[in-house]
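Colleague: Next one to model:
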Amino acid sequence: MQTKRFFAGFLVVSLILAGIVSYYASSSPDGLEKVASDKGMAAEEKEHALSGSPFGDYGVEGVGDERLSGGLAGVLGVGLVLVVGGGLFWTIRRRGGSENRVEPRAESRTD
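Modeller: Model prediction:
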């Protein structure tokens, strides 16, 4: 029961961080962008191939409100990682479960 509570709490914290707190992350450019701008390389910058994807530019395409778009992208991203990671874990666990299991030995009594 304690493990389920831990994972439920972890999920709630992850969703809060992804959906709400991520909006307050710094909008300042990171180190690589700053150096590219300072050295004049930013002028040659092009859009990346996935910029038009549903989660391109840290938002959900078609949602007009920037705050809602970013929060929704974060929550959907957490869900996607949970589903893919959980699926992989479940598949690997089911595949290797019988090979790694140690069967208890029957105790023999010699009284």
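Colleague: so after the helix or strand where residue 16 lies, what's the next helix or strand?
Modeller: Following DSSP states H and E, the helix or strand that holds residue 16 is helix 2-19. Sequence order places helix 31-38 as the next helix or strand after helix 2-19, per DSSP H and E.
Colleague: average model confidence for that next one?
Modeller: The pLDDT scores in helix 31-38 average 85.
Colleague: what's the spacing between the next helix or strand after that helix and its chain's center?
Modeller: Under the assignment DSSP H and E, the closest C-terminal helix or strand after helix 31-38 is helix 66-100. Centre-to-centre, helix 66-100 and its host chain are 7 Å apart (C-alpha atoms, centre = their mean, to the nearest Å).
Colleague: and residue 71, how many neighbours?
Modeller: 21 (other C-beta atoms under 10 Å). Yep, even glycine has a C-beta here, placed from its N, CA and C like the rest.
Colleague: how close does it get to residue 63?
Modeller: 10 Å (C-beta to C-beta, to the nearest Å).
Colleague: and residue 79, how many neighbours does it have?
Modeller: Residue 79 has 14 neighbours, counted by other C-beta under 10 Å.
Colleague: my bad, residue 93
Modeller: Residues contacting residue 93 under the criterion other C-beta under 10 Å number 10.
Colleague: tell me the pLDDT at it?
Modeller: 87.
Colleague: And residue 72, by the same measure?
Modeller: For residue 72, the pLDDT comes out at 90.
Colleague: Ok, residue 57 next?
Modeller: 75.
Colleague: do residue 42 as well
Modeller: Model confidence at residue 42, given as pLDDT, is 79.
Colleague: change the start of the numbering to 422 and stick with it
Modeller: Sure thing, new numbering starts at 422, so read that last one as residue 463.
Colleague: so what's it closest to, chain neighbours aside?
Modeller: Leaving out its chain neighbours, the residue that sits closest to residue 463 by C-beta to C-beta, 6 or more residues apart in numbering is residue 457, at 4.6 Å.
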